[in-house]
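J.: Build me a model from this:
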Amino acid sequence: MIGGRMLVPQAAAQRIQAMIAEKGIKPGERLPPQRELAESMNISRASLREALSALETLGVVRIEVGRGVFVTDGRAQEAVPKWRYADRFSLREVYEARLVIEPQVASFAAGCMADGEIDALARSLDRMRAAFERHDLVEAGLADSAFHAAIVEQCGNRMLAELLGTVGGVLGEIQRLPFVRQERVWETVREHEEIVRALRTRDPRAASSAMASHIAGAAERLGVPLARG
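T.: Got it, this is the predicted structure:
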């Protein structure tokens, strides 16, 4: 999201996910052609491709070049889900960078965030929890991105906020990537609960530790063990 406004590809991903459920499209069945989908949703082909790519990352669809887009059973098709930024960064590189930066951001936020801002953070967590309960991985991903973005925005350091904003697409993708391990999504919720708890106590060290544990846990769920400290 930007300024609370959902981006076109994100909204399109939610609409496609809803369409699959409402029309009862079963695993193995093909979605309408991309041109038809784009026209029916009044969006560009580029936005549609971005939406479908996000859904493929989450294991909702499978894109087969020359054949079309097929609904899946919602489970990861590979040991490691498709990583769209593999030509730029490895998963390990991104998680290592996050482990360097985001715990410090959380530490700063512990001393800056007002009660109302932490309450809003908790509401993002409630939104994520509710999305997982109804198996809406797109909504869960949006809630997760909003959660982390709020901490960055309220950390009191505009330079860090701007730096992280330049790689927002990469961060949004890697935040939702572990959700394909649906049997482990509640680990994500518990880790976020620890972050909120630490921020409420205004304890920079606890906030840093909780964020580091979350990042290391997310990486481990994708088979990327990280050394801490």
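J.: Domains of this protein: list them as residue ranges, please.
T.: In terms of domains, the chain is parsed into 8-71, 91-221 (source: automatic domain parsing).
J.: pLDDT on the helix or strand hosting Met211, on average?
T.: Take DSSP states H and E as the rule and Met211 turns out to sit in helix 204-221. Helix 204-221 comes out with an average pLDDT of 96.
J.: Point to the residue nearest the middle of the protein.
T.: The residue lying closest to the centre of the chain (CA atoms, centre = their mean) is Arg176, at 3.0 Å.
J.: and the host helix or strand of it with helix 204-221, angle?
T.: Counting by DSSP H and E, the element that carries Arg176 is helix 168-176. Relative orientation of helix 168-176 versus helix 204-221 (axes from the mean of the first three to the mean of the last three CA atoms, to 10 degrees): 80 degrees.
J.: Now do helix 168-176: which elements does it pack against?
T.: Other elements packing on helix 168-176 under the criterion 3 or more CB pairs under 8 Å, 6 or more residues apart in numbering; DSSP states H and E are helix 45-57, helix 91-110, helix 137-153. Any C-beta I mention is one placed from the backbone N, CA and C, and that applies to glycine too.
J.: which residues are in contact with that helix?
T.: Helix 168-176 is contacted by residues 54, 57-58, 83-85, 88-89, 91, 94-95, 98, 137, 140-141, 144-145, 148-149, 164, 218 when judged by CB atoms under 8 Å, 6 or more residues apart in numbering.
J.: Go ahead and build a ChimeraX selection from the buried members of the residues you listed.
T.: Command for ChimeraX, covering only those of the contacts of helix 168-176 found buried under the criterion 16 or more other CB atoms under 10 Å:
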select :54,57,58,83,84,89,91,94,95,98,137,140,141,144,145,148,149,164,218
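J.: could you dump the helix holding Met211 to CSV, C-alpha only?
T.: Taking C-alpha atoms only, helix 204-221 is exported to CSV below (Å, rounded to 0.1, in the frame of the first residue of the first chain):
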residue,chain,number,x,y,z
PRO,A,204,14.5,-1.2,22.6
ARG,A,205,16.6,-4.3,23.3
ALA,A,206,13.5,-6.5,23.5
ALA,A,207,12.0,-4.9,20.3
SER,A,208,15.3,-5.6,18.5
SER,A,209,15.5,-9.2,19.7
ALA,A,210,11.8,-9.8,18.8
MET,A,211,12.3,-8.5,15.3
ALA,A,212,15.6,-10.4,14.8
SER,A,213,13.8,-13.6,15.9
HIS,A,214,11.0,-13.0,13.5
ILE,A,215,13.3,-12.4,10.5
ALA,A,216,15.4,-15.5,11.4
GLY,A,217,12.2,-17.6,11.8
ALA,A,218,10.9,-16.4,8.4
ALA,A,219,14.2,-17.3,6.7
GLU,A,220,14.3,-20.7,8.4
ARG,A,221,10.8,-21.5,7.1
